[in-house]
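Q: Fold the following, please.
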Amino acid sequence: MNVGIASDHKGYELKQKIAEILIELGYNVINYGTDSTEMVDFPDYALKIGDAIKDNNIVMGILICGTGIGISIACNKIKGIRCAKVNNILEAELSRFHNNANVIAINGDLKFEIAIQVIEKFLTTDFSNEERHIIRINKINKIENDNL
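A: Residues are numbered from 1 along each chain as shown. The predicted structure follows:
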């Protein structure tokens, strides 16, 4: 599975560690930056992940910034993206199972051991395909399409 990963400067170190482990687990990880702790603007990296999903270069995306909030807001502005800002394993699981999220956003201060568990749960959880969840996603898509 092609998985994209990106961060701002606050998430750089965690991003590097996560990418390394995901590669060891057999994922094809594509790094969309940043590649240092030099200050950058998180919306630029949210856009890179969102565009990569739209262009079918990756199936899932991982974003990391100082809080995970700003980068998730920016990514959710991209048509077709459902980015979930999560803090724990249950939120990661339900973001996929209920909402079919295709991008996860976490904060750069999340402990590595927790972060990798959260991301693994996100990447390995399938969408439920339950009618109630499909109806809700279709309503989200309608909101998105009606507000272009």
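Q: Next, Trp94: secondary structure please.
A: Quick fix: residue 94 is Leu, not Trp. State at Leu94, reduced to three classes by DSSP: H, G, I helix; E, B strand; the rest coil: helix.
Q: And the helix ranked longest in the chain, what's buried?
A: Using DSSP state H to assign secondary structure, the helix with the most residues in the chain is helix 131-146. Buried residues in helix 131-146, counted by 16 or more other Cβ atoms under 10 Å: Ile137, Glu144. Every residue, glycine included, has its C-beta placed from N, CA and C.
Q: Contacts made by the least confident helix or strand in the chain by mean pLDDT with the rest, please.
A: Across the helices and strands of the chain, mean confidence by mean pLDDT, DSSP states H and E is lowest for helix 131-146: a mean of 94. With Cβ atoms under 8 Å, 6 or more residues apart in numbering as the test, helix 131-146 has contacts from Lys79, Gly80, Arg82, Phe97, His98, Asn99, Asn100, Phe127.
Q: Show me where this structure has its helices.
A: Under DSSP H, the chain gives helices at 12-24, 42-54, 69-75, 89-97, 112-124, 131-146.
Q: So which of those is nearest Met60?
A: For the helices of the chain, proximity to Met60 was assessed by Cβ to Cβ; helix 112-124 is nearest, at 6.1 Å.
Q: pretty sure Gly61 contacts Cys75?
A: Yes: taking Cβ atoms under 8 Å as the definition, Gly61 is a contact partner of Cys75 at 7.5 Å.
Q: Overlap in contacts, those two.
A: Joint contacts of Gly61 and Cys75 (Cβ under 8 Å, 6+ apart) are Ile49, Gly50, Cys83, Val103.
Q: Which one of the residues you listed sits in the busiest neighbourhood?
A: Within those, most neighbours by other Cβ atoms under 10 Å means Ile49, with 32 neighbours.
Q: That one and Phe42: what is the separation?
A: Separation of Ile49 from Phe42 (Cβ to Cβ, to the nearest Å): 11 Å.
Q: With Ala6 instead?
A: Taking Cβ to Cβ as the measure, Ala6 falls 9 Å from Phe42.
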